[in-house]
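*Asks:* This is a predicted model, with the sequence first.
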Amino acid sequence: MDLIKRLKPMHFRLVDEIARRQKLQLAAEALAMSQPAASRMLADVESELGTALFIRHPRWMEPTPVGEAFLRHIRVILWELETLQTEVGNIAEGQAGEIRVGAVTGPAMGFLMPALRQVKAESPDIEATIEVGPSVQLVRGLREGRFDFIIARLMPDQDSHEFHVYPARSENVALMVRDSHPLASHRQLPLEAVTGYEWLMQERGSPIRQAVEAAFLQSGTAVPGNITNSSSLLVVLSLLAHSDVIAPLSREVAEILTGDSLGAKLVALDMAERIIVSPYFILANRGQQLPRATERVLEEVLRRL
């Protein structure tokens, strides 16, 4: 007896309907079948099992002990099939599914998280994994298939033809200090005014640090020499809160840190010249079909950029 090969969901539905309605004719009508076809189908099931599933009374049908056991199991199967159908439909429509995305800090805070919150507000069953890191790490993860898409910068040695590239934007740098910093209330500060302070920057070669150093060099001003290196936002917040250090951060991050909701007591210095970082892009692997849920997040990010 190989029930897996011989019995189908329709067999299960018929047996379930007979048990619920207690009459073969009513079960057949519920399934849009003729009574003879339903009778043959039930006979086939009982033949496979080698025993009757129902006691045939003159006016109704009653499950046998084997029928009761059969019903317990097939109702679980039918429920799982209905759940599967719903889940598959939700995934196909982008109402559920798993999203894996990565981004550098600025666009992660300024665009990716708001876009994801919007989509999850409409479809809470979507499960999202977000990784924030440097572009080199994110691009490597995209190549390895760990991300559906990323928001990152392409390095000079990386071939853009590997990816679908969606244009995004350049990143502005804000020089963050605590609100009691000696320069906090000054306006239109030149770079010469900030070079003598202690600085907290990302490691050498990072895009924001390169942009800051380039701004000093282009203005003919000495690059700050008193520098602590860290890419940890927790370290940045700790040092900003307890010293007169200057920390360059993306404008998107700065706007969150200076908002009323955090109460971080930080301000962005009012500089005479803007410091601009090289542009970042939205990247996805060529030839990879994005799940509909991921497409919805991507569309929302693009709308916000």
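*Replies:* Done, it's in.
*Asks:* And the strands in the stretch 1-150 of the chain?
*Replies:* 54-56, 61-63, 96-103, 125-132, 149-152 (DSSP state E, counting those that start in this stretch).
*Asks:* export the ones you listed to JSON lines and tack on mean pLDDT, distance to residue 208 and mean neighbour count?
*Replies:* To be clear about C-beta, it is placed using only N, CA and C from the backbone, and glycine gets the same treatment. What follows is the strands of the stretch 1-150 of the chain, written out as JSON lines (pLDDT from 0 to 100; distance: least, Cβ to Cβ, whole Å; neighbours: other Cβ atoms under 10 Å):
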{"stretch": "strand 54-56", "mean pLDDT": "94", "distance to residue 208": "74", "mean neighbour count": "13"}
{"stretch": "strand 61-63", "mean pLDDT": "94", "distance to residue 208": "71", "mean neighbour count": "16"}
{"stretch": "strand 96-103", "mean pLDDT": "90", "distance to residue 208": "14", "mean neighbour count": "22"}
{"stretch": "strand 125-132", "mean pLDDT": "91", "distance to residue 208": "14", "mean neighbour count": "16"}
{"stretch": "strand 149-152", "mean pLDDT": "96", "distance to residue 208": "14", "mean neighbour count": "28"}
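*Asks:* Now render these as TSV, adding distance to residue 294.
*Replies:* What follows is those, written out as TSV (distance: least, Cβ to Cβ, whole Å):
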stretch	distance to residue 294
strand 54-56	49
strand 61-63	46
strand 96-103	5
strand 125-132	9
strand 149-152	7
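*Asks:* so which of those strands gets nearest residue 202?
*Replies:* Between residue 202 and those, the shortest gap by Cβ to Cβ is with strand 125-132, which sits at 12.9 Å.
*Asks:* how close does residue 13 sit to residue 129?
*Replies:* Relative to residue 129, residue 13 is positioned 38 Å away (Cβ to Cβ, to the nearest Å).
*Asks:* Residue 260 is nearest to which of the strands of the stretch 1-150 of the chain?
*Replies:* It's strand 125-132; of the strands of the stretch 1-150 of the chain, that one is closest to residue 260 (Cβ to Cβ) at 23.5 Å.
*Asks:* so what strands line up beside that closest one?
*Replies:* Strand pairing for strand 125-132, using DSSP bridges, gives strand 96-103 (parallel).
*Asks:* Identify the residues contacting the partner strand?
*Replies:* Contact with strand 96-103 is made by 87, 90-91, 112, 116, 123, 125-133, 138, 141-142, 146-152, 291-294, 297, as judged by Cβ atoms under 8 Å, 6 or more residues apart in numbering.
*Asks:* if we go to 6 Å?
*Replies:* With contacts defined as Cβ atoms under 6 Å, 6 or more residues apart in numbering, strand 96-103 is touched by 90-91, 112, 125, 127-131, 138, 141, 147-151, 291, 293-294, 297.
*Asks:* and if you look at stretch 209-227?
*Replies:* 173, 191, 192, 195, 198, 199, 201, 202, 248, 275, 277.
*Asks:* Please report how far the last one lies from residue 253.
*Replies:* This points to residue 277. 12 Å.
*Asks:* shared neighbours of these two, which are they?
*Replies:* By Cβ under 6 Å, 6+ apart, no residue touches both residue 277 and residue 253.
*Asks:* Disregarding flanking residues, what is the spatial nearest neighbour of residue 22?
*Replies:* residue 60 (4.4 Å; Cβ to Cβ, 6 or more residues apart in numbering).
*Asks:* tell me the contacts of the nearest residue to residue 178 once chain neighbours are set aside?
*Replies:* In this structure, residue 178 finds its nearest non-sequential neighbour in residue 240, 5.4 Å apart by Cβ to Cβ, 6+ apart. Taking Cβ under 6 Å, 6+ apart, we find residue 240 in contact with 178, 247, 266.
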